[in-house]
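J.: structure for the following, please:
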Amino acid sequence: MKKTAERTVRPQGRGDAKRQRLVDIGTAIFTQKGFSSTGLDEIVQLAEVPKGSFYYYFPSKEDYAHAVIRNYAGYFAKKLDRTLGDERLTPLARLRAFADDATRGVLRYEFKRGCLVGNLGQEMASLEAEFRIVLLEVLDDWRRRFARCIDEAKAAGEIATSADSAALASFFWSAWEGAVLCAKLEESTRALDCVSTLFFEQMLRPAAPSSEPAAAPRGVRPSP
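T.: Numbering: from 1, shown residues only. Here you go, the predicted structure:
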């Protein structure tokens, strides 16, 4: 099986803008229609480039899809860093801010677009096995970033220190990807709102106040 890194990559140059346009078009189409339902003719027509130019940059449609995934992963990593790293907010508020922003994004595209990783993941039966590896790498990266922010919320005393950050992050992304699918089917944010409510208000519970009496000041014997 080929490694992703071995896929042909053309040197950068004056054609970078044309190549990036193709990738951007692919991101828009794949988040809406998926990979298998998108034809090459549609891609080059929307990008306004001849088919020969497509094959100059990408030896195959599969190589093109991998470039689209890498581009999407880079964009999303920056989005997560910007939101989850916003020190003006508490860690828990940052997590909420991400979910709120993602919900607004679904509304902005009128329920037509989904998550690229989620869309392609549903097509795995008809895709090369290598896609599974690449998509899991992206999803695992999102989980790790979320788990780090949950760790920060624990350190800040916003949620119980006994909470399993990795498990909570994994649960969130599994639930969220399913909710995005439901949002497209129902043309409603109801599923997204439900995940947000359950996750932030019930699963990420505040740390329970200590039932132990406060320690006496140093040098003062506690009352019997």
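J.: surely Phe98 meets Arg82?
T.: No. Assessed by CB atoms under 8 Å, Phe98 is found out of contact with Arg82, at 9.5 Å. (Each C-beta comes from the backbone N, C-alpha and C, glycine too.)
J.: which one's more surrounded, these two?
T.: Phe98 (22 against 13; other CB atoms under 10 Å).
J.: so what's the more buried one closest to, chain neighbours aside?
T.: Thr83 (4.6 Å; CB to CB, 6 or more residues apart in numbering).
J.: that neighbour: helix or strand, and which one exactly?
T.: Assigned by DSSP states H and E, Thr83 belongs to helix 61-84.
J.: helices and strands around that helix, which ones?
T.: helix 16-33, helix 91-108, helix 116-121, helix 129-155 (3 or more CB pairs under 8 Å, 6 or more residues apart in numbering; DSSP states H and E).
J.: of those helices, which stretch is the most buried?
T.: Mean neighbour count (mean count of other CB atoms under 10 Å) peaks for helix 116-121 among these, with a mean of 22.
J.: average pLDDT for that one?
T.: In this model, helix 116-121 has a mean pLDDT of 96.
J.: who touches that helix?
T.: Contacting residues not belonging to helix 116-121 are listed as 27, 30-31, 34-35, 65, 68-69, 72, 127, 131, 135, 138-139, 177, 180-181 [CB atoms under 8 Å, 6 or more residues apart in numbering].
J.: list the contacts for Lys18?
T.: Lys18 sits next to Ala47, Val49, Ser53, Tyr57 when contact means CB under 8 Å, 6+ apart.
J.: need the pLDDT of the residue nearest the centre of the chain.
T.: Residue closest to the mean C-alpha point of the chain, counted by CA atoms, centre = their mean, is Trp142 at 5.4 Å. For Trp142, the pLDDT comes out at 98.
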